[in-house]
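Novice: what shape does this take:
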Amino acid sequence: MITFGPLTRALALAGLLVSAAAAIGPAMAAPADVALLKSYIGEWRGRGVLIGARQESVVCRLSLSQGNQDKVNYNGRCTLAGTNLSVAGTMAYVEANRRYEAVMSSNATFNGVAIGQKRGQNLLFNLRERDKDEEGKDLNISAQIQLSQEAIHVVFEVIYVETGDSLRAEVPFSR
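Specialist: Residues are numbered from 1 along each chain as shown. From the prediction side, this is the model:
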């Protein structure tokens with residue numbers, strides 16, 4: 001079993017906060033699409049569990065605010081076993097692509113773009129990336145972020161390609 005180092009745990013924390021993103025081009029969205037994004041503006045808090053070689057508690061904060069044009073900016077921070085992770089970015093409905101997009105950057109060298117879909121009054125973002133850990137081993141990274149009414153639920157997983165060992169985190173957020 002692999003013991004997950006600080007960078008791998010930081011990657012996991014970055015995935016937890018990818019519920020929004022970093023610099024998308026001009027977005028011309030329908031008023032309902034913009035209103036749906038803006039309905040999540042506010043302060044969010046989450047507490048969940050990270051499961052890997054051992055189980056650890058994760059505590060997160062997320063702030064969503066009005067961005068330029070029809071964008072929503074976010075800043076977030078998670079703490080896990082003395083490790084802090086910060087992420088920032090922007091999410092928007094991009095009319096040219098006819099979809100929601102969230103782009104993020106973090107202090108853990110993790111950057112990504114999540115594609116969102118509207119399902120009823122909910123938004124569901126999916127992110128799939130491939131990266132390397134601090135030892136150069138290949139990782140498959142996936143995140144699913146569901147924004148629904150008064151909750152945000154994040155599920156994040158890191159899988160070592162060579163061994164199949166995994167790290168999984170689930171954090172529900174509320175206002």
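Novice: list the buried residues of stretch 53-63.
Specialist: 56, 58, 60, 62 (16 or more other CB atoms under 10 Å). Heads up, the C-betas are built off the backbone N, CA and C, glycines and all.
Novice: what is the burial count for the nearest residue to Ile141 once chain neighbours are set aside?
Specialist: Closest residue to Ile141 in three dimensions, ignoring its sequence neighbours and counting by CB to CB, 6 or more residues apart in numbering: Glu129, at 4.5 Å. Neighbour count of Glu129, defined by other CB atoms under 10 Å: 18.
Novice: do you know the pLDDT at Glu129?
Specialist: As predicted, Glu129 sits at a pLDDT of 82.
Novice: repeat that for Ala35.
Specialist: pLDDT, Ala35: 88.
Novice: tell me which stretches of this protein form helices.
Specialist: Ranges of helices in the chain, per DSSP state H, are 6-16, 31-38.
Novice: where among those helices is the average confidence lowest?
Specialist: helix 6-16 (a mean of 51).
Novice: hmm, back to that, distance of the residue nearest to Ile141 relative to Asp138?
Specialist: 11 Å (CB to CB, to the nearest Å).
Novice: what of Val34?
Specialist: 38 Å.
Novice: looking at the buried residues of stretch 53-63, which is nearest Gly82?
Specialist: Using CB to CB, Glu56 comes nearest to Gly82 of those, at 10.3 Å.
Novice: neighbours of Lys71, just the number please.
Specialist: 24.
Novice: let me redo that: Ser174
Specialist: Ser174: 11 surrounding residues under other CB under 10 Å.
Novice: how about Gly136?
Specialist: Based on other CB under 10 Å, the number of other residues close to Gly136 is 6.
Novice: quick one, which of Val34 and Asp138 is more surrounded?
Specialist: The residue with more neighbours, out of Val34 and Asp138, is Val34; 18 against 12, by other CB under 10 Å.
Novice: show the contacting residues for Leu66.
Specialist: That one is not Leu; residue 66 is Gln. Counting by CB atoms under 8 Å, 6 or more residues apart in numbering, Gln66 touches 38, 41, 72-73.
Novice: pretty sure Lys38 contacts Asn73?
Specialist: No - Lys38 is beyond contact range of Asn73, at 11.3 Å (criterion: CB atoms under 8 Å).
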